[in-house]
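> Could you look at this predicted model? Sequence included:
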Amino acid sequence: MPYIEDIAMLLGVDETTIWRWSEAKSDFCNAISKIKLLQKLQLKRLVAKSPSGAIFLLKANHGLIEAEKVLHGGTPEEEQITLVISRAPE
């Protein structure tokens, strides 16, 4: 996995120089964009392996909202039921 910092170290410059080169040269900008996209994809794949990570990605990228609704039974013997509802906003 390449990182911007690795490129900076390899070229013997600081990170600010990398960003300036990226702004000045379209080919370099495209390379940096591809590196950032690769990093983003790798992180999403890593996070999505856990249930909490998958829920986070669904909330962050797909607008899902998690709500909790508690239903109480009519008699003391009945247990409390908790429903978790997730849906996309209209």
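That came through fine.
> Please count neighbours and contacts with C-alpha atoms only from this point.
OK.
> Please enumerate the helices of the protein.
4-11, 15-24, 26-47, 51-62 (DSSP state H).
> what's next to the longest one, contact-wise?
Read that as helix 26-47. By Cα atoms under 8 Å, 6 or more residues apart in numbering, the residues outside helix 26-47 that reach it are 1-4, 21-23, 53-54, 57.
> one more time with 6 Å, if that's ok
For helix 26-47, contacts defined as Cα atoms under 6 Å, 6 or more residues apart in numbering pick out 22, 53.
> In PDB, please show the C-alpha coordinates belonging to it.
In PDB, the C-alpha atoms belonging to helix 26-47 read as follows (Å, rounded to 0.1, in the frame of the first residue of the first chain):
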ATOM      1  CA  SER A  26      -2.000  16.900 -13.800                       C
ATOM      2  CA  ASP A  27      -0.200  13.500 -14.300                       C
ATOM      3  CA  PHE A  28       1.200  13.700 -10.800                       C
ATOM      4  CA  CYS A  29      -2.200  14.800  -9.500                       C
ATOM      5  CA  ASN A  30      -3.800  11.700 -11.100                       C
ATOM      6  CA  ALA A  31      -1.200   9.400  -9.500                       C
ATOM      7  CA  ILE A  32      -1.900  10.900  -6.100                       C
ATOM      8  CA  SER A  33      -5.600  10.600  -6.600                       C
ATOM      9  CA  LYS A  34      -5.200   6.900  -7.500                       C
ATOM     10  CA  ILE A  35      -3.100   6.400  -4.400                       C
ATOM     11  CA  LYS A  36      -5.800   8.000  -2.200                       C
ATOM     12  CA  LEU A  37      -8.500   6.000  -3.800                       C
ATOM     13  CA  LEU A  38      -6.600   2.800  -3.200                       C
ATOM     14  CA  GLN A  39      -6.000   3.700   0.400                       C
ATOM     15  CA  LYS A  40      -9.700   4.500   0.900                       C
ATOM     16  CA  LEU A  41     -10.700   1.200  -0.600                       C
ATOM     17  CA  GLN A  42      -8.300  -0.800   1.500                       C
ATOM     18  CA  LEU A  43      -9.500   0.900   4.700                       C
ATOM     19  CA  LYS A  44     -13.100   0.300   3.800                       C
ATOM     20  CA  ARG A  45     -12.400  -3.400   3.200                       C
ATOM     21  CA  LEU A  46     -10.500  -3.700   6.500                       C
ATOM     22  CA  VAL A  47     -13.300  -1.900   8.500                       C
END
